[in-house]
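Visitor: can't give you the sequence, but here's the structure:
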């Protein structure tokens, strides 16, 4: 078997961001609406700082308004919730996102519950999760949506009827991506770190979405010949070959070993992660349309 095709996040994210920019220009010209995304950052976590900066760049490049609010690490939960409520009420803000994780004194779920579901561009509010489970239109969590876009483009013959195995059961990725695949008429198995006979179950997958957060947990020999592998894992491990104290990023799948088994696979880094920000600005455009009684673009 030939080596697996590399599913390039840069290519997919660039294509989506270009579409988003076109729809933003259309909204501005035809309806006088400029979608606005507000991001709230609490504290000074370095990784969160990078994510927020990248989101701001992507938002502005698409022609949208980017708004950032920064609160101190010792901010109270009520201060954060007050900011969220103010953004909920701001008609110029169409998407509200609080960067996670938040400090320990703040309940992440309470923050999610407070965001207006119509502006919940992270797709985490229970109302949006429920609409997804019911097959109703709504805002979908960004990383699962990115996984679906990549899978649809990479599975020969389409998704319908294929057996998809989702490794991971989180509210952020595992559960919503399973629902998205069900909505595409896949047969879906949800597995996790405690699943018995995990190797055998993964070996049945035409599509494997790995989102369990364990470096190289899935061995190459487990993968079915010709499967499409979407690796969501981002794990930092020691890299002594790079020097003392150095690290590198790897996924939940042993990438090198999987190349000879899969037909297509996302790399880590350079795969799903790049799609998350692109889907975030996509969701902001969809939210702006829905809030103004405009049908969201069919190609988003």
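Guide: Happy to help now that I have it. Being a predicted model, the structure only gives us computed values, none of them experimental.
Visitor: OK, contacts around residue 129?
Guide: Under the criterion of C-beta atoms under 8 Å, 6 or more residues apart in numbering, the contact partners of residue 129 comprise 123, 171, 175, 176. C-beta coordinates here come from the backbone N, C-alpha and C atoms, glycine included.
Visitor: did I read that right, residue 229 in a helix?
Guide: No - inclusion of residue 229 in a helix is not indicated when DSSP: H, G, I helix; E, B strand; the rest coil is applied; the result is strand.
Visitor: Who does the closest residue in space to it that isn't next to it in sequence form a beta bridge with?
Guide: Nearest in space to residue 229, with sequence neighbours left out and distances taken as C-beta to C-beta, 6 or more residues apart in numbering, is residue 265 at 4.2 Å. Applying DSSP bridges to residue 265 yields these beta-bridge partners: residue 6, residue 229.
Visitor: what about residue 265, distance to residue 55?
Guide: Applying C-beta to C-beta, to the nearest Å, one obtains 26 Å for the distance of residue 265 from residue 55.
Visitor: Equivalent analysis for residue 159, please.
Guide: Taking C-beta to C-beta as the criterion, residue 159 is separated from residue 55 by 29 Å.
Visitor: if we can go back for a sec, my read: the residue nearest to residue 229 touches residue 258, true?
Guide: Yes - using C-beta atoms under 8 Å as the test, residue 265 is close enough to residue 258 to be in contact (5.6 Å).
Visitor: so what sits against both of these two?
Guide: Overlap between the contact sets of residue 265 and residue 258, as judged by C-beta under 8 Å, 6+ apart, is given by 4, 229.
Visitor: neighbour-wise, which of residue 265 and residue 55 wins?
Guide: Between residue 265 and residue 55, counting by other C-beta atoms under 10 Å, residue 265 is the more crowded of the two (26 against 22).
Visitor: re the thing from before, closest one to residue 153 out of the contacts of residue 129, please.
Guide: Top of the list for closeness to residue 153, among these and by C-beta to C-beta, is residue 176 at 18.9 Å.
Visitor: coming back round to it: got a list of what the residue nearest to residue 229 touches?
Guide: By C-beta under 8 Å, 6+ apart, the contact set of residue 265 is 4, 5, 6, 7, 228, 229, 230, 231, 253, 255, 258, 259.
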